[in-house]
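>>> Provide a 3D model corresponding to the input given below.
(chains A and B)
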Amino acid sequence: GAVVSQHPSRVICKSGTSVKIECRSLDFQATTMFWYRQFPKKSLMLMATSNEGSKATYEQGVEKDKFLINHASLTLSTLTVTSAHPEDSSFYICSASRGRLDNNEQFFGPGTRLTVL
Amino acid sequence: AQSVTQLDSQVPVFEEAPVELRCNYSSSVSVYLFWYVQYPNQGLQLLLKYLSGSTLVESINGFEAEFNKSQTSFHLRKPSVHISDTAEYFCAVRTGFQKLVFGTGTRLLVSP
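Residues are numbered from 1 along each chain as shown, chains lettered A, B, ... in the order given. Okay, here's the model as predicted:
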């Protein structure tokens, strides 16, 4: 149980286009979902936290107009990278939590490798 | 603010040797502590966690970590590693609002 999937696993796009990444909790309802960005040989950086049915909370320094997050249902959250540029190339990982308690475990997706040409 | 320090970016070790991956954290409040493992081009998998109770926690594949409050450490150990343990290991702390703060990771390289 507690499986999180991401689609696509890899995507290559041209500079200036928008890319949508999906994160799904397959066998549980995810009250809260998180989006992380991982640079090569670096740690994961939390980009935003989204609760179902409400607007995402972005971390300081993350452009909310560039990284659009939608958490429309208890099993799906999407991250749209708008007007992508080469510097947006990265590994994007989502995670999902069953509840909002501090000790609720986060279950991570397999990640999406974005390459912007 | 919380922070996590993993001083070793890479730890090479021979198969069947013991290993310790170091993790120190900084926080002014109580924390939950985690170790995650990441295999190439994959997401993170929870290895073990400390929430409360016994300060020594174990995973199903032989890893263990001990929470040391006085030294603000949560080092990961395994008495005998396998080739398949080769991966990136991340230490993380969590306080309020479920936010995880990760260290920069330690790459464990196990060779025959």
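>>> Might you enumerate the residues of chain A proximal to chain B?
A:4, A:6, A:32, A:34, A:41-44, A:46, A:49, A:93, A:95, A:97, A:100-111, A:113 (CB under 8 Å from any CB of the partner chain). For every residue, glycine as well, the C-beta is placed using N, CA and C.
>>> so A:Gly53 makes contact with A:Asn70?
No. If you go by CB atoms under 8 Å, A:Gly53 and A:Asn70 don't touch, sitting 10.5 Å apart.
>>> Give me the more crowded residue out of the two.
A:Asn70 (15 against 10; other CB atoms under 10 Å in any protein chain shown).
>>> Quick check: the spatially closest residue to B:Leu7 that is not a sequence neighbour vs B:Cys91, distance?
Leaving aside its chain neighbours, B:Leu7 sits nearest to B:Arg22 (5.6 Å; criterion: CB to CB, 6 or more residues apart in numbering or on different chains). According to CB to CB, to the nearest Å, B:Arg22 stands 8 Å off from B:Cys91.
>>> out of those two, which sits in the busier spot?
B:Cys91 (29 against 17).
>>> residues contacting that one?
B:4, B:6, B:21, B:23, B:25, B:33-35, B:74, B:76, B:102-103 (CB atoms under 8 Å, 6 or more residues apart in numbering or on different chains).
>>> Out of those, the closest to A:Gly16 would be?
B:Phe102 (31.2 Å; CB to CB).
>>> any idea which residue sits dead centre in chain B?
B:Trp35 (3.6 Å; CA atoms, centre = their mean).
>>> what pairs with the residue nearest to B:Thr5 when sequence neighbours are not counted across the strands?
Once flanking residues are discounted, B:Thr5 sits nearest to B:Asn24: 4.7 Å by CB to CB, 6+ apart. Beta-bridge partners for B:Asn24, by DSSP bridges, are B:Thr5, B:Ser73.
>>> before we move on, the earlier item: wait, is the residue nearest to the centre of chain B part of a strand?
Yes. Using DSSP: H, G, I helix; E, B strand; the rest coil, the assignment for B:Trp35 is a strand.
>>> B:Tyr39: what's it in contact with?
Counting by CB under 8 Å, 6+ apart, B:Tyr39 has contacts B:45, B:87-88.
>>> so which of the residues you listed also contact chain A?
Applying CB under 8 Å from any CB to those, those adjacent to chain A are B:Gln45.
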